[in-house]
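S.K.: Model the following, please.
(one chain, ligands or ions: 1)
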Amino acid sequence: MNRDDMLAAIRERQEPWDIVIIGGGATGLGSAMDAAARGFDVVLLEQADFAKGTSSRSTKLVHGGVRYLQQGNVSLVMEALKERGMLLRNAPHLVRDVAFIVPSYAWWESPFYGVGMKVYDLLAGRYGFGKSSNISREEVVEAIPSIQTEGLLGGTRYFDGQFDDARLAINLATTTFEQGGTLANYTQVVGFEKDPAGAIEGVLARDLESGEELRVQGRVVVNATGPFADGVRRLDRPDAAPMIAPSQGVHLVLDRSFLSGDSAIMVPHTDDGRVMFAIPWHDVVVVGTTDTPIESIDLEPRPQAEEVEFILETANRYLAKPVAASDIRSTFAGIRPLVKMGDGGSTAALSRDHTILVEPVSGLLTVAGGKWTTYRKMAEDVVDHALTLGDLEPRACVTQQFPIHGYHRNAERFGRLGFYGSDATEILGLAEADPAMGEPLHPRLAGTGAAVPWAARREMARTVDDVLARRTRALLFDAQAAIEAAPRAAAILGRELERDAAWVEEQVEAFTAIASGYLYRA
Ligand SMILES: Cc1cc2nc3c(=O)[nH]c(=O)nc-3n(C[C@H](O)[C@H](O)[C@H](O)COP(=O)(O)OP(=O)(O)OC[C@H]3O[C@@H](n4cnc5c(N)ncnc54)[C@H](O)[C@@H]3O)c2cc1C
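M.R.: Presented below is the predicted three-dimensional model:
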């Protein structure tokens, strides 16, 4: 994958693309991959980096959604559980099953949640990850030695999936490319081209690196811009009524001493009626999340102090070792692209299911809502709609059993490089060829220098943020260490992209500004 080649292909194309996709998050990348795998000519334009938006900021669960079970949304849970099973089959290097424990501190909790989890097992059917059961106090402590034992009576154990969201996004981009698709990051859609009747014929885009304007014609244009969907709809129709009710979710990242063992904790009812998780993820623990309605959409949303305090307070009820603000290694926020139903109210009650909307005059197809777990099904629906809308040749979806780039059944054998799947051997090769590249980027970070040339050469990384936030997950693992690693990462990236010293310096400054938003100072 090479950005210059992608832009050349876009520039040189004489006929309309079958499908133009705006937005390179889970929804857009999934749709691009589905379309390319069906043999359509597809191009995807992303204004920043792939997964820079919500798709790198999730709780990292591949799940049916226990919360939706509580709401009685059985069909949504069933669909997601089926997708969970397919994703494990198609990307085993990125998805793993994890034991979740709902600890009980009141007599009724184990019987109550035990029954709920049996329903969850039943809904998963043959896609099940493991049988749930009620377990004793001793078994809970054995699984999670660092749990708060005061008042602990026992618990319910069930199994769900966990993944690396940004890595999956990058692997979807590579798979799309391998299937003949074209993708450009840092290419923003700024307007639409229409025929005299007002039907969209293509988009106007800007290469944000060079400033070049690009005209990209398409038979169908898909708006897959998540929380930004209304902004793009207004480029088509300035009076479009909003369909997105944005809601922010925050996570804290702690070191593993706070949650020892391999099991996660699930709290089904926090004080504000949410579900909260503490989950081991790579070498850290992710704790979250919140659900705070917000007004403005930003590519770098900032956690609010009250959200962080709320998570700390909830975590301290369940973890034996007290967690203080100074223990937070990183904190990140994401914006849910929830689709509005009626007059709103709490965003926690809004639909997590996806919605496809086709503008009657222009034909712009907007897809929003859903979740990472169901990205494949959303993509299938998008491309099925696009076929009709663009009068394209009907071709069936093929992604149900379709290995995603990096597919490897025993990726654990590559240790900390496991999330690269089958690419891990090539990254190890880079480090062998140049031993300096085998050195960690920072003593507290697992990633080595070799991750940088790999990201630049093979994964279209353009900035230090692309490398440290999404190609490696350094920014989420430890924001201060990532800041300290930035000069070395920038120097290697600058060499790869043939940039000068001023560019390297600017990159370090820009990354430090972004990363300071991930440091929490009470
Ligand atoms: C806090 C939180 C926790 C979550 N946890 C989970 C979870 O554990 N499991 C799960 O399954 N789901 C989870 N989700 C949901 C899931 O993350 C989202 O549903 C999914 O990532 C949305 O992807 P998207 O592609 O629609 O949006 P995004 O990822 O935001 O992608 C939209 C993209 O469009 C781009 N864009 C915008 N405007 C333009 C333009 N004019 N031109 C070009 N590009 C443009 C943006 O830069 C962005 O990259 C969570 C969500 C949140 C917020």
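S.K.: Run through the residues of the chain sitting next to the ligand.
M.R.: Counting by C-beta under 6 Å from any ligand atom, the chain comes close to the ligand at 22-28, 45-48, 52-55, 57-61, 188-189, 224-228, 232, 249, 289, 299, 334-337, 370-373. For glycine as for every other residue, the C-beta is placed from the backbone atoms N, C-alpha and C.
S.K.: Among the residues you listed, which ones are in strands?
M.R.: 22, 45, 61, 188-189, 249, 334-337 (DSSP state E).
S.K.: For the strand or helix carrying residue 218, enumerate the helices and strands it packs against.
M.R.: Taking DSSP states H and E as the criterion, the element that holds residue 218 is strand 213-223. Other helices and strands packing on strand 213-223, by 3 or more C-beta pairs under 8 Å, 6 or more residues apart in numbering; DSSP states H and E, are helix 3-12, strand 17-22, strand 42-45, strand 187-194, strand 200-207, helix 229-236, strand 365-369, helix 375-389.
S.K.: Relative to residue 273, which of the ones you listed is closest?
M.R.: Closest approach to residue 273 among the helices and strands packed on strand 213-223 is made by strand 365-369 (20.7 Å; C-beta to C-beta).
S.K.: Would you mind pulling up the elements that that closest one packs against?
M.R.: helix 26-37, strand 213-223, helix 229-236, strand 330-339, strand 354-358, helix 375-389.
S.K.: mean confidence score for the first helix or strand past the longest one going along the chain?
M.R.: Looking back up the chat, that one is helix 375-389. Note on helix 375-389: by DSSP H and E, the next helix or strand toward the C-terminus is helix 424-433. For helix 424-433, the per-residue pLDDT values average out at 95.
S.K.: Give me the contacts around helix 424-433.
M.R.: Applying C-beta atoms under 8 Å, 6 or more residues apart in numbering, the contact partners of helix 424-433 are 408, 411, 414, 417-418, 420, 437-438, 448-451, 453-454, 458.
S.K.: rewinding a little: out of the residues of the chain next to the ligand, which are buried?
M.R.: The neighbour-count test (16 or more other C-beta atoms under 10 Å) marks 22-28, 45-48, 52-55, 57-61, 188-189, 224-228, 232, 249, 289, 334-337, 370-373 as buried among these.
S.K.: which intervals of the stretch 201-350 of the chain have sub-threshold pLDDT?
M.R.: Across the stretch 201-350 of the chain, the ranges flagged by pLDDT under 70 are 341-350.
S.K.: cutoff 90 now
M.R.: Along the stretch 201-350 of the chain, the parts satisfying pLDDT under 90 run over 268-275, 338, 340-350.
S.K.: cool, and the stretch 351-500 of the chain?
M.R.: The stretch 351-500 of the chain contains residues with pLDDT under 90 at 351-354, 416, 446-447.
S.K.: how near is residue 497 to the ligand?
M.R.: Between residue 497 and the ligand the distance, using C-beta to the nearest ligand atom, to the nearest Å, works out to 21 Å.
S.K.: For that residue, give me its contacts.
M.R.: For residue 497, the residues meeting the contact criterion (C-beta under 8 Å, 6+ apart) are 456, 462.
S.K.: and it, backbone torsions?
M.R.: The main-chain torsion angles of residue 497 are listed as degrees, to the nearest 10 and equal phi -90, psi 0.
S.K.: follow-up on the earlier one: quick one: buried residues of the strand holding residue 218?
M.R.: Taking 16+ other C-beta under 10 Å as the basis for neighbour counts, the residues of strand 213-223 that come out buried are 214, 216-223.
S.K.: Tell me how many other residues surround residue 131.
M.R.: Taking other C-beta atoms under 10 Å as the neighbour definition, residue 131 ends up with a count of 11.
S.K.: Secondary structure element holding it?
M.R.: Residue 131 is located outside every helix and strand, with elements delineated by DSSP H and E.
S.K.: just to revisit the earlier point, can you name the two of the contacts of helix 424-433 that sit furthest apart?
M.R.: Between any two of the contacts of helix 424-433 (C-beta to C-beta), the greatest distance is 22.8 Å, for 408 and 449.
S.K.: And the pLDDT for the residue of the chain most remote from its centre?
M.R.: The outermost residue of the chain relative to its centre, with distances by C-alpha atoms, centre = their mean, is residue 196 at 38.8 Å. Residue 196 carries a pLDDT score of 97 in this model.
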